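S.K.: With the sequence up front, the predicted model follows.
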Amino acid sequence: GETKVVARSMVGQQGLDDLQGFVESILSEQVEGDLMETGVWQGGSCILMKAVLKAHGVTDRKIWVADSFEGCPPPDPENYPQDTNDQHHTYTNLQIPLHKVASNFADFGLLDDQVEFVRGWFHDTMYGERVQQIESLALLRLDGDLYQSTIEVLRAMYHKISLGGYVVVDDWRLDGMQARSAVIDFHTECGLRETIRVGEDGLAWWRKMEESSCG
């Protein structure tokens, strides 16, 4: 089963192992909240998170699966010059429709009402009533590739992350460094003091240990 999850993910084995550890840490330490990924490709990371919840008999947390389900947005250089000339919107291999991601959950017997699909561009969906009704998040996994897609989610959702909750950044070492720049800028604008850790596989993460001006 594990090999099949890896095939539905671009993360790699180490990144999935780390993610499993983060979810198990949340459960053992009783950090409150749901789990969310923004930018899910074929759903592999979300499928893994749901599998961990199921293995531990957890039925009171949701997995929020947020994506356009039609690839990345074209860059908006006027508002986000860091994304100027970004080509991710041209990559057809990133355009995985929602029904395919849902089918991947079903293949593992993990498609149920704990899985919430959020379809649309993040600047619309993250501020929408449905997502803003989420009470709290224990884990937020960012995989939006672009500066815009990363900082929009952080600005909209960081205040919902519980103390002890994890923020995981997938695209820390991408050539353009847009996600990294967005995270560093967000830390600066909010005065965050948490240390960003970077794994050997290029994934970055931190735990929210104190409230800030951004929540």
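M.R.: It's in.
S.K.: hey, let's count contacts and neighbours off CA atoms from now on
M.R.: Will do.
S.K.: so where's this structure uncertain?
M.R.: 1-12, 174-176 (pLDDT under 70).
S.K.: State the helix or strand in which Ala66 lies.
M.R.: If you go by DSSP states H and E, Ala66 is part of strand 63-67.
S.K.: what lines up beside that strand in the sheet?
M.R.: According to DSSP bridges, strand 63-67 forms sheet pairs with strand 34-38 (parallel), strand 115-119 (parallel).
S.K.: contacts for the first one?
M.R.: It stands for strand 34-38. With contacts defined as Cα atoms under 8 Å, 6 or more residues apart in numbering, strand 34-38 is touched by 45-46, 49, 61-67, 134, 136-144, 153.
S.K.: mind saving the C-alpha coords of the host helix or strand of Tyr166 as CSV?
M.R.: Taking DSSP H and E as the criterion, Tyr166 maps to strand 161-169. Taking C-alpha atoms only, strand 161-169 is exported to CSV below (Å, rounded to 0.1, in the frame of the first residue of the first chain):
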residue,chain,number,x,y,z
ILE,A,161,-3.4,26.8,13.5
SER,A,162,-3.4,25.6,17.0
LEU,A,163,-0.4,26.0,19.3
GLY,A,164,1.8,22.9,18.7
GLY,A,165,0.4,22.6,15.1
TYR,A,166,2.7,22.0,12.1
VAL,A,167,3.2,24.1,9.0
VAL,A,168,4.9,22.0,6.2
VAL,A,169,6.3,23.6,3.1
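S.K.: Stretch 154-169 spans what distance, first to last residue?
M.R.: Counting by Cα to Cα, to the nearest Å, you get 11 Å between the two ends of stretch 154-169.
S.K.: after the strand holding Tyr166 comes which helix or strand?
M.R.: helix 178-190.
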